[in-house]
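**Q** Quick one, what's the 3D model for this:
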Amino acid sequence: MSVTFFITGTPTHVVDTWECQCVDDGKAWPTCLHCMGTGKVEYEEPVWPSLNLANTNALNVLQAIGFAPEYDGVWEGETLDRAIEGCLRALNSESRRAVATREAYHIPGGHAGVRVVHEGNVARVERMGAEVFGCGYSDETVRARVGQILDICRKAKEEGEKVCWG
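**A** The predicted structure is shown next:
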């Protein structure tokens, strides 16, 4: 799962177009939800900045800029001003960003318990569990993400829009 920070009312532009899978013998289904009966599917992207983060990263970055870690929300008016201020403070304070950083880790396989396997008259203990790798989140990455959220907030304020995430 992930959390996307975006600006309400953002215009979009078409990035790619292709023929819809509903087209048969050159005719589109009039009720197709993908192409709305046109036979062409358009992939659009927002013109204004947006940012998609993994859930944990989004919650940690929200904390770094001074907000409660919530999976969805809206900044407008005073809260948008607070978000801009929080981003600026986080960009200038390593201790504020520290809440969002974490070291990478590795757990070798076989650390999820054991089971006893019987083979004839011999019992053997087997370790269970997959190898696990956890990605880190460096201070440099947190700075970059906070900077991106600041850009989103400034653009929303300039356009008189809201910033939403979820």
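
**Q** Pull out the buried residues from stretch 74-90.
**A** When burial is assessed from 16 or more other C-beta atoms under 10 Å, stretch 74-90 yields the following buried residues: 75, 76, 80, 83, 84, 86, 87, 90. Just so you know, the C-beta spots here come from the backbone N, C-alpha and C atoms, and that holds for glycine as well.

**Q** Next step: these restricted to strands.
**A** residue 75 (DSSP state E).

**Q** Can I get the buried residues of stretch 74-90 in TSV including pLDDT and distance to residue 61?
**A** Conversion of these to TSV gives the following (pLDDT from 0 to 100; distance: C-beta to C-beta, whole Å):
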residue	pLDDT	distance to residue 61
75	98	13
76	97	19
80	98	16
83	98	11
84	98	14
86	98	10
87	98	9
90	97	8
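
**Q** any idea of the mean pLDDT for stretch 147-156?
**A** Stretch 147-156 shows a mean pLDDT of 98.

**Q** List the buried residues for that stretch?
**A** The neighbour-count check on stretch 147-156 (16+ other C-beta under 10 Å) flags 148, 149, 150, 152, 153, 154, 155, 156 as buried.

**Q** gap between the helix or strand hosting the first one and the chain center?
**A** Think residue 148. Secondary-structure element containing residue 148, defined by DSSP states H and E: helix 139-159. On the basis of C-alpha atoms, centre = their mean, to the nearest Å, the separation between the geometric centre of helix 139-159 and that of its chain is 14 Å.

**Q** please renumber so the chain begins at 45
**A** Noted, 45 is the first residue going forward, which turns the last one into helix 183-203.

**Q** which secondary structure elements does it contact?
**A** Based on contacts counted as 3 or more C-beta pairs under 8 Å, 6 or more residues apart in numbering; DSSP states H and E, the elements that helix 183-203 packs against are strand 46-51, strand 95-98, helix 99-108, helix 122-135, helix 138-141, strand 207-209.
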